[in-house]
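> this is a predicted model, with the sequence first.
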Amino acid sequence: MESFVNAIVSGLISGSLYAAMALGLTIIYGISRVFNFGHGVVALMGAYTAWLFVQEAKTAGLPLLAGMVISCAVLFGFGMLVYQFAMKPLMKKANWEISTVLFMLGMGILMENVILQLFGPRVKSIPVFAEGYLKVGMVQINWHELIVIGIVLAAIILLNLFFKVTRTGQSMQAVAQSVSGAKVVGIDIERIFGLTFGLAFAVTGFSGILLGTKYFMNPHIGWEWMVKGFVIVCFGGLGSTNGAIYAAIILGVVEALATLYFGAMWVWPIWFAIFLVVLLVRPQGILGGRA
C-alpha cells in the first residue's frame with residue numbers, strides 16, 4: 001500500500017512537470033495554429049541556459065530562481081525572433097501549415113546540434129531547490145518536489161490570470177477564437193502572434209528547467225520530451241490548456257503505476273495504448289477544441 005501511495009504522489013509530481021511542458025505547445029497551437037515540432041528542444045534550451053547560468057553564478061551565490069528568470073527571458077526573446085524572421089513570412093504563403101511545421105522541425109534539429117557542440121554529449125543536471133524530504137504517514141516527498149509543485153501551480157494560476165485579466169491576454173483569447181473576428185475589432189494580429197511565440201517559448205523553457213532538476217539532460221532528450229508533449233496535448237485536446245493539464249496529470253500517474261507494477265519499459269506502450277483508445281473514442285481529446 002505504501003508503494004502504491006508513493007507512486008501516486010510521484011505520478012502527480014511528474015504530471016505537474018509534464019503539464020508545464022505541454023502548456024507551451026498548447027499556447028502556440030491554440031492561438032496561431034502552428035504546431036511546434038521543435039518544442040522539446042526549446043525546453044532543452046531553457047534547461048541548458050539555466051544550467052550554464054548556475055555554473056557561472058556559483059561563486060556569486062545567486063539562486064536557481066534567478067537563473068530561471070534569465071533563461072525564460074532569453075527564450076522569450078528567441079521566440080519573438082523566430083516569429084519575426086521565420087514564422088511571419090512563412091504564414092503569409094500558401095500551404096503555411098506544412099511549411100511552418102517543417103521549419104520548426106528543422107530548427108529543432110539545428111538547435112539540438114548547437115547544444116551538442118556547445119555542451120558536449122555528457123549528461124548534466126540542474127541542482128535541486130532544496131535537500132531533504134518530508135514524511136507524512138505513508139507518503140514521503142522531497143522538499144524539492146514540493147517546491148516544484150508550488151512553482152508549477154503558481155505558474156498556471158499566473159497564466160490564467162494573464163489570459164483573463166490583461167488586455168494582451170484577452171486579445172490572445174480573441175485571436176484563438178477567430179482571427180478574422182479579432183481583425184474586425186482592431187487587434188494587431190501580427191503583434192499578438194509575436195507575443196504568443198515569445199510567451200510559449202518562455203513557458204517551454206521554464207518547463208525544461210524544472211525537468212532538468214528531476215531528470216538528467218543530454219542534447220538528444222528533447223525529442224523524448226517532444227513526444228510526451230505531443231501525446232499530452234492530443235490526449236487533452238489540441239489547443240485546450242485545461243485539457244493539457246488534466247491529460248498530463250493522468251499520464252503522469254499512469255507512468256508511475258506502470259513503472260511500479262510492470263517496469264519502466266512498459267511506460268511508453270501503456271501511454272500510447274491509452275492515447276490510441278482515447279483518439280478512437282473521442283478524436284478531439286478529452287476536452288477538445290481550442291481555448
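On my side now, so go ahead. Numbers count the residues shown, from 1 in each chain.

> now do the strands in this protein.
133-136, 139-142 (DSSP state E).

> deepest-packed of those, please.
Most buried of the strands of the chain, by mean neighbour count (mean count of other C-beta atoms under 10 Å): strand 139-142, with a mean of 15. To be clear about C-beta, it is placed using only N, CA and C from the backbone, and glycine gets the same treatment.

> who does that one pair up with?
strand 133-136 (antiparallel) (DSSP bridges).

> let me see the mean pLDDT of the strand it pairs with.
Strand 133-136 comes out with an average pLDDT of 80.

> dump that strand to PDB, restricted to CA.
Output in PDB follows, covering the C-alpha atoms of strand 133-136 (Å, rounded to 0.1, in the frame of the first residue of the first chain):
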ATOM      1  CA  TYR A 133      12.400  15.200   2.500                       C
ATOM      2  CA  LEU A 134       9.100  15.300   4.300                       C
ATOM      3  CA  LYS A 135       7.400  12.100   5.500                       C
ATOM      4  CA  VAL A 136       3.700  12.200   6.400                       C
END
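
> quick one: closest of the strands of the chain to Met87.
strand 139-142 (39.4 Å; C-beta to C-beta).

> what comes into contact with that closest one?
Val5, Asn6, Val9, Ile13, Val128, Ala130, Gly132, Tyr133, Leu134, Lys135 (C-beta atoms under 8 Å, 6 or more residues apart in numbering).

> for PyMOL, what selects the buried ones among those?
Provided next is the PyMOL selection string for whichever of those are buried by 16 or more other C-beta atoms under 10 Å:
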select buried, resi 6+9+13+128
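
> from the contacts of strand 139-142, which is closest to Gly243?
So of those, ranked by how close each gets to Gly243 (C-beta to C-beta), first place is Ile13, at 20.2 Å.

> relative to Gly263, how far out is the closest residue to that closest one other than its chain neighbours?
Closest residue in space to Ile13, ignoring its immediate chain neighbours: Glu145 at 4.9 Å, by C-beta to C-beta, 6 or more residues apart in numbering. In this view, Glu145 and Gly263 are 22 Å apart by C-beta to C-beta, to the nearest Å.

> ok, now Leu195?
44 Å.

> got it, and Leu280?
Relative to Gly263, and taking C-beta to C-beta, Leu280 is found at 26 Å.

> likewise for Met107?
35 Å.

> of those two, who's got more company?
Neighbour count, other C-beta atoms under 10 Å: between Met107 and Gly263, Met107 has more, with 17 against 9.

> and the more buried one, what does it touch?
Gly38, Val41, Val82, Ala86.

> contacts only, for the closest residue to the last one other than its chain neighbours.
Taking C-beta to C-beta, 6+ apart, and ignoring the residues beside it in sequence, Ala86 has Phe103 as its nearest neighbour in space, at 5.7 Å. The neighbourhood of Phe103, defined by C-beta under 8 Å, 6+ apart, consists of Ala86, Met87, Leu90.

> between these, which has the most around it?
Going by other C-beta under 10 Å, Met87 tops those with 26 neighbours.

> low-confidence ranges in the stretch 1-150 of the chain?
Along the stretch 1-150 of the chain, the parts satisfying pLDDT under 70 run over 57-62.

> so how many other residues sit close to the nearest residue to Leu105 once chain neighbours are set aside?
Excluding the flanking residues, the one nearest Leu105 by C-beta to C-beta, 6+ apart is Phe37, at 4.1 Å. Residues lying near Phe37 (other C-beta under 10 Å) number 21.

> need the contact list for Phe37.
Val101, Met104, Leu105, Gly108, Met226.

> mind redoing it with 6 Å?
Val101, Met104, Leu105 (C-beta atoms under 6 Å, 6 or more residues apart in numbering).

> closest to Leu287 among these?
For the contacts of Phe37, the nearest to Leu287 is Val101 (23.2 Å; C-beta to C-beta).

> correct me if wrong: the closest one contacts Arg33.
No. Counting by C-beta atoms under 6 Å, Val101 stays clear of Arg33, with 10.5 Å between them.
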